[in-house]
Each structure stands twice: as C-alpha cells, then as structure tokens.
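Student: Next one to model:
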Amino acid sequence: MNRALQVLVVDDDFMVARIHGRFVEQTDGFEVVGTARTGGEALELAAALQPDLVLLDVHLPDLSGLEVLERLRGQSREQGRDVAVVMVTAERGAAAVRAALHGGAMQYLVKPFEYDDLADRLRRVASTLATLPGGGGGGHEEEVDQATIDRAFGAGPQGVVPQGLPKGLSPETADLVLEAARAAGEISASETADAVGLSRVTARRYLEHFVDIGTAEVRLQYGGTGRPERRYRIPT
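Tutor: Residues are numbered from 1 along each chain as shown. As a prediction, the model looks like this:
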C-alpha cells in the first residue's frame with residue numbers, strides 16, 4: 001500500500017483551516033500532519049515536518065503567501081527534497097495567479113469551494129507526483145520519456161472528455177469518471193462516487209452529461225422494489 005501524502009495546511013482563519021483539513025482527510029491517499037496560521041509558522045513546520053504538499057493561502061498576517069511559496073521552494077531544495085504547493089485563496093488577481101504559476105505552485109484554487117473542488121486538485125497533484133520517479137534529490141536521477149514529461153506537465157492526451165462541460169464540472173474529474181466507468185464495464189452513480197471520491201449527486205451529473213453527448217450509454221436495472229437503478233457504460 002502506498003504511503004499517504006502528508007499535507008501541511010496554511011491559513012490564518014482557524015475555522016477555514018479546520019474545514020480544509022477535514023476535506024484533505026476525507027480524500028484517500030492524503031493526511032494532514034500540521035496546521036499553520038502565519039507564513040513564519042508555515043516555514044518552521046515545513047522544515048520540521050517535511051510534508052509532501054502544502055495548502056497555502058495568499059493572505060497571511062506576516063508574509064504574503066507568494067513569498068512563503070518562494071521560500072518553501074528554496075527551503076525544500078536545501079533539504080534535498082521536493083514539496084508540492086497548492087494555493088488555496090480568495091485572491092483572484094491575475095498578478096497573484098501569475099506569481100503563483102511562476103513560483104512553482106501546482107494548483108490554484110479560489111475560495112470558497114466545495115469538497116469535490118479540492119479533492120480534484122489533490123488527486124491531480126498526486127497523479128503528477130506519481131508520474132515522475134524519485135524526487136528525493138541528490139544521486140543519479142532516472143530519465144523519463146517525452147510522454148511521461150507531457151503527463152507531468154498536463155500536456156498529454158486528455159482522453160475523450162469534450163470541451164464545454166456544464167458549469168461546475170471539471171475536465172480532470174470528468175477524466176476520472178470516464179476511467180472508472182471504462183474499468184468497471186458498467187457502473188452506477190453510487191459506484192462511481194465511491195471509485196472517484198465524489199458525492200453520488202455529483203457523480204450522476206458527470207455520467208448524465210456523458211449520456212447527453214453520446215459518450216456513455218445508460219440502461220435501467222429493475223430490482224424487486226423501489227426505483228430502477230441507472231447503469232452506465234462507455235461503448236468500445
């Protein structure tokens with residue numbers, strides 16, 4: 001069994017930090033190892049705990065989260081390791097987004113958001129980290145091919161997920177839903193929710209969208225009592 005990715009949550013609002021931490025803990029493959037309320041505390045805890053991932057707010061009482069991002073990257077290099085950073089903030093300014101991108105943040109999520117929004121970004125980060133071998137720094141680094149590089153940078157093939165998804169649906173989660181449906185052969189909304197880590201209602205929205213555009217087919221499975229179950233499949 002793979003080790004869970006360890007996450008440091010950084011937010012000056014105690015209640016918000018608790019909510020984000022709960023979202024992290026609800027996502028398979030992740031665990032919270034610490035919470036910081038200032039930039040200075042975030043840097044101290046990151047050095048001591050050496051987390052795999054930091055959820056980082058931009059607006060902190062002592063330092064800008066963007067400055068913390070820069071220092072975290074330098075600190076991790078000095079320690080001979082990698083740290084992934086996801087910006088989780090109410091800041092929508094284009095300059096901040098550019099700075100986060102140039103500073104090496106892997107994702108940028110604007111508050112407020114639902115659990116599925118964060119879980120989607122966490123899975124994206126985990127997928128990217130799993131794509132590239134090593135990451136501990138030092139020694140001989142294994143070489144990778146262009147296809148692996150493209151996947152790591154998000155430039156690889158995106159399956160058959162079409163553009164123009166309905167509002168509230170993301171291409172990344174749509175890919176995961178398609179993969180789950182293909183792997184199962186036939187799947188229900190509840191089974192999809194369990195496989196991907198979504199609510200049943202959200203999973204059904206994705207599946208019904210695929211039915212609407214012809215990517216998936218649906219049939220009704222009748223049981224002894226109650227409403228029939230909708231079963232989905234992706235034609236080969």
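Student: quick one, helices of this protein?
Tutor: Here the chain has its helices, by DSSP state H, at 14-26, 39-49, 65-78, 94-103, 115-131, 146-152, 171-184, 189-196, 200-212.
Student: And the last one, what's buried?
Tutor: By neighbour count on 16 or more other CB atoms under 10 Å, the buried set for helix 200-212 is 202-207, 209-210. The way it works is simple: take the backbone N, C-alpha and C, and place the C-beta from them, glycine included.
Student: Buried ones in stretch 227-236, by neighbour count?
Tutor: Within stretch 227-236, the residues scored as buried using 16+ other CB under 10 Å are 230-232, 234.
Student: likewise stretch 212-223?
Tutor: Buried residues in stretch 212-223, counting neighbours by 16+ other CB under 10 Å, are found at 215-216.
Student: same check, this time on stretch 103-110
Tutor: Neighbour-count burial for stretch 103-110 flags 103, 105-109 (criterion: 16+ other CB under 10 Å).
Student: Throw those into a markdown table and include distance to residue 167 and pLDDT, thanks.
Tutor: Shown next, in a markdown table, are the buried residues of stretch 103-110 (distance: CB to CB, whole Å; pLDDT from 0 to 100):
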| residue | distance to residue 167 | pLDDT |
| --- | --- | --- |
| 103 | 29 | 90 |
| 105 | 24 | 92 |
| 106 | 24 | 90 |
| 107 | 20 | 88 |
| 108 | 19 | 89 |
| 109 | 16 | 87 |
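Student: returning to what we had before: now the two most distant members of the buried residues of helix 200-212.
Tutor: Spanning the widest gap among these are 202 and 210, at 13.4 Å by CB to CB.
Student: Check the contact lists of those two and give me the overlap.
Tutor: Common neighbours of residue 202 and residue 210, counting by CB atoms under 8 Å, 6 or more residues apart in numbering, are absent.
Student: Which residue ranges make up each domain of the protein?
Tutor: 5-131, 171-233 (automatic domain parsing).
Student: Same list (the buried residues of stretch 227-236) but as CSV, adding pLDDT and distance to residue 39.
Tutor: Putting these into CSV (pLDDT from 0 to 100; distance: CB to CB, whole Å) gives the following:
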residue, pLDDT, distance to residue 39
230, 90, 49
231, 93, 50
232, 94, 46
234, 89, 46
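Student: Nearest to residue 50, out of the residues you listed: which one, please.
Tutor: Of the buried residues of stretch 227-236, the one sitting nearest to residue 50 (CB to CB) turns out to be residue 234, at 40.8 Å.
Student: List the contacts of the closest one.
Tutor: Going by CB under 8 Å, 6+ apart, residue 234 touches 178, 181-182, 210, 215-217.
Student: cutoff 10 Å now
Tutor: Neighbour list for residue 234: 160, 177-187, 207, 210, 215-217 [criterion: CB atoms under 10 Å, 6 or more residues apart in numbering].
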